[in-house]
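Peer 1: What follows is a predicted structure for the sequence shown.
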Amino acid sequence: MNYRVQVRPSGREFTVEEGESVLDAALRQGIAFPYGCRNGACGSCRGKVLDGDFAYPDGLPPALTQKEADQGLAVFCQARAVSDLTIEVDAMSTVQGIRVRTLPARVARKERLAHDVIGLYLKLPEGQRLQFLAGQYIDILLKDGRRRAFSLANPPFSDEYLELHVRQVPGGEFSHYAFHDMHEKALLRIRGPLGSFFLRESSQRPLLFIAGGTGFAPVKGIIEYALARRIQRPIYLFWGVRARRDLYMHELATQWATEHAHVHYLPVLSEPESEDQWSGRTGWVHEAVLAQFPDPAPYDVYASGPPVMVHAVRDSLLARGFDPSRMFSDAFEYAYVDGHNN
Ligand code: FES
């Protein structure tokens, strides 16, 4: 059984399934809701229930006194609806209000994704979750004071692990360490979430994602978020890499397109190998985009990847009279020279 939840003062609505916490349902449907520990202890997700009934299957959460509960206050990471609800919470829809935090994080898993890309799955300390918008990035803080920026590849509703895609950069100290010396359980310090590369949901324009290499990471987070949220805007994903072996999540992107009629996946190889037997698009990704969409004006463009690619995308769009305020990119805010791995 599903219940409807109305949020005041934002006026947003979402549904919650039987047994699902109000917070989990809100995050699953893209309502940016304040939270911290997700286990009833910190009180970040507190709000008021103005109308309707709910229960705490595990008893009154530690973040709430009985007196507060009697006054209608609720802890939404623990509350289960048993009727439709009207609640009052300071729901957020932009980065404003999301706290940037510095936290320790353990490498829970390290996985080879391609010949020169690994996936790092980071776990925060018990009871801690990082609140972020899909597509944002974190800094890894190094002992010598330097930082390395990595996009979050997981969507916020799937935040047990923070997923990073790390490319091996020739001469890159951190990537060398990550590839060769970093052990599972290694302890890192991170700071985030950062950046304004996230989906503008007030727009209804079709979405054009242009990713280069591991610039796929934040795009993955945003597309998984958009699919979970059942956003029906057409999605075109161009992924530019050198050869077939660099499309390190080709099956996943293919699956999005197979399972969702509004998602279109268009990989582009700049230097296909003969063994690739590639019959798809070749050349530079920005040229492939313009060949497909000679008039890009109706689209919102999200570009992520090496600065040279992102600038080529931007220059070629602007040359066609594209409105720059409809293009979003992480490349304009990272300190790339300081080692972003896209
Ligand atoms: S998120 Fe900490 S109490 Fe709900």
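Peer 2: Thanks, I have it. Numbering: from 1, shown residues only.
Peer 1: distance of the nearest residue to residue 321 once chain neighbours are set aside from residue 320?
Peer 2: Distance criterion Cβ to Cβ, 6 or more residues apart in numbering; nearest residue to residue 321, sequence neighbours excluded, is residue 297 at 7.1 Å. From N, CA and C alone the C-beta is placed, and that goes for glycine too. To residue 320, residue 297 is 8 Å away according to Cβ to Cβ, to the nearest Å.
Peer 1: same check, this time on residue 313
Peer 2: Distance of residue 313 to residue 320, given as Cβ to Cβ: 11 Å.
Peer 1: In terms of helices and strands, where is the residue nearest to residue 321?
Peer 2: For residue 297, there is no host helix or strand (DSSP states H and E).
Peer 1: wouldn't it be in contact with residue 322 here?
Peer 2: Yes: with contact defined as Cβ atoms under 8 Å, residue 297 reaches residue 322; the gap is 6.4 Å.
Peer 1: quick one, which of the two is more surrounded?
Peer 2: residue 322 (18 against 12; other Cβ atoms under 10 Å).
Peer 1: Report the contact partners of that one.
Peer 2: 296, 297, 301 (Cβ atoms under 8 Å, 6 or more residues apart in numbering).
Peer 1: tally of neighbours for the first one?
Peer 2: Around residue 296 there are 21 other residues, counting by other Cβ under 10 Å.
Peer 1: do the last one as well
Peer 2: Residues within reach of residue 301, counting by other Cβ under 10 Å, total 23.
Peer 1: Could I get the contacting residues of it?
Peer 2: Each residue near residue 301 by Cβ under 8 Å, 6+ apart is listed here: 208, 210, 313, 317, 322, 326, 327, 328.
Peer 1: Same check on the second one?
Peer 2: Residue 297 makes contact with 320, 321, 322, 323 under the criterion Cβ under 8 Å, 6+ apart.
Peer 1: From the ligand, how far off is the nearest residue to the first one once chain neighbours are set aside?
Peer 2: By the measure of Cβ to Cβ, 6+ apart, the closest residue to residue 320 outside its immediate chain neighbours is residue 296, 6.1 Å from it. In this structure, residue 296 and the ligand are separated by 41 Å, where distance is defined by Cβ to the nearest ligand atom, to the nearest Å.
Peer 1: tell me the contacts of residue 296?
Peer 2: Counting by Cβ under 8 Å, 6+ apart, residue 296 touches 208, 289, 290, 317, 320, 322.
Peer 1: Where does the residue nearest the centre of the chain sit: helix, strand or coil?
Peer 2: In the chain, the centroid-proximal residue (Cα atoms, centre = their mean) is residue 134; its distance is 2.4 Å. Three-state call for residue 134 (DSSP: H, G, I helix; E, B strand; the rest coil): coil.
Peer 1: picking up where we left off before, switch the contacts of residue 301 over to TSV; also include pLDDT.
Peer 2: Shown next, in TSV, are those (pLDDT from 0 to 100):
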residue	pLDDT
208	98
210	98
313	94
317	92
322	89
326	85
327	87
328	86
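Peer 1: Where helices are concerned, which of these count?
Peer 2: Here DSSP state H is the test, and those give 313, 317 as lying in helices.
Peer 1: need the contacts of residue 301 in CSV with distance to residue 159, can you?
Peer 2: Shown next, in CSV, are these (distance: Cβ to Cβ, whole Å):
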residue, distance to residue 159
208, 27
210, 26
313, 29
317, 33
322, 34
326, 29
327, 28
328, 22
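Peer 1: Need the buried ones from the contacts of residue 301 selected in PyMOL.
Peer 2: The buried residues among the contacts of residue 301 can be selected in PyMOL (16 or more other Cβ atoms under 10 Å) with this line:
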select buried, resi 208+210+313+317+322+326+327+328
